[in-house]
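Fold the following, please.
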Amino acid sequence: MTYYTGLKTVQDHINSAFEYISEDSTFGAKAHQKEAQSLLSAAYRRIREDNIEFTRGTLSIDDRWSIPHDLFQLREKHMRLFDKKFHGDLNRLVSLRNDFKVMSIVKPQPKNSEVEKKQKQVIETVTDMIKRRTAQYHEAVELGRLFGGLPVSVTPHLVTNEYNTTFTRCFYYLNGKFTSLAVILTSASKLEEEKVGA
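Here you go, the predicted structure:
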């Protein structure tokens, strides 16, 4: 088991987990996926430790034994075993763990300049929309145009790396299912080709 002694907060662990994710929201290796999930589990253990006061002052002995040992065991029914101030972080960890489980593992490939250019445009546009915090309607219209009408939604996450640089990492969903940006762009390109050929 890996211990992350330099990481003090839940956010520190999440930030470190994001460092294993490639720009196109994939893992470069199975080991990267496992390490990222381990970091989320470590963040959960941090919450468990910080919850001890609540545990001692509020819960019965049976309830204390019911607290899940690891993140993968956590269910909605367990939320009552944690102080409400931890519920947001717990929900975020569960959500990220689910996303990490379904992320593709794609070995880094030589760069395709056309795909790379389109990915850069998408990332810049989405980041710019987030910064401007425009209305949802405008975002939906822009995303529709950006992805050729495909039903794509984007979940942004602010991440700070070990150099204290904060940036936005986005997860992309096609029809509500987590999908890598490269797959979405390839699908949008094929749809565009079909429209031109029709």
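
going forward, measure contacts between C-alpha atoms and count neighbours the same way
OK.

How about the secondary structure of the residue with the shortest distance to the centre of the chain?
For the chain, the residue sitting closest to the mean C-alpha position, by C-alpha atoms, centre = their mean, is residue 96 at 4.7 Å. Recorded secondary structure, residue 96: helix (DSSP: H, G, I helix; E, B strand; the rest coil).

Contact partners for it?
Contacts of residue 96 were listed using C-alpha atoms under 8 Å, 6 or more residues apart in numbering, and none were found.

what element comes up after the lowest-mean-pLDDT helix or strand in the chain heading to the C-terminus?
Within the chain, no helix or strand scores below helix 136-146, which has a mean of 55 by mean pLDDT, DSSP states H and E. With elements assigned by DSSP states H and E, the helix or strand that comes after helix 136-146 is strand 152-160.

For that following strand, buried residues please.
152-154, 159-160 (16 or more other C-alpha atoms under 10 Å).

same check, this time on stretch 7-18
7, 10, 12-18.

Using pLDDT, spot the least trustworthy of these.
Note: of the buried residues of stretch 7-18, the lowest pLDDT belongs to residue 7, at 70.

For it, which residues are in contact?
Residues counted as contacts of residue 7 (C-alpha under 8 Å, 6+ apart) are residue 13.

Please parse the chain into its domains.
10-102, 113-197 (automatic domain parsing).

Now find how far off-centre the last one is within its chain.
Centroid displacement of domain 113-197 relative to its chain, using C-alpha atoms, centre = their mean, to the nearest Å, is 14 Å.

So the closest residue to residue 37 other than its chain neighbours versus residue 70, what's the distance?
Nearest-residue entry for residue 37: residue 97, 6.5 Å, with adjacent residues in sequence omitted and distances by C-alpha to C-alpha, 6 or more residues apart in numbering. Here residue 97 is placed at a distance of 12 Å from residue 70 (C-alpha to C-alpha, to the nearest Å).

what's the answer for residue 56, then?
The value you get for residue 56 to residue 70, if C-alpha to C-alpha is used, is 19 Å.

With residue 25 instead?
In this structure, residue 25 lies at 25 Å from residue 70, with C-alpha to C-alpha as the measure.

if you count what's nearby, which of these two comes out ahead?
The neighbour count for residue 25 versus residue 70, taken as other C-alpha atoms under 10 Å, is higher for residue 25 (24 against 15).

so how far is residue 90 from the closest residue in space to that one that isn't next to it in sequence?
If you skip the residues right next to it in sequence, residue 25 has residue 180 as its closest partner in space, 5.5 Å away by C-alpha to C-alpha, 6+ apart. Per C-alpha to C-alpha, residue 180 is found 25 Å from residue 90.

ditto for residue 191
Residue 191 sits 39 Å away from residue 90 when distances are taken as C-alpha to C-alpha.

and these two? which has more neighbours close in?
More neighbours surround residue 90 than the other of residue 191 and residue 90, with 22 against 16 (other C-alpha under 10 Å).
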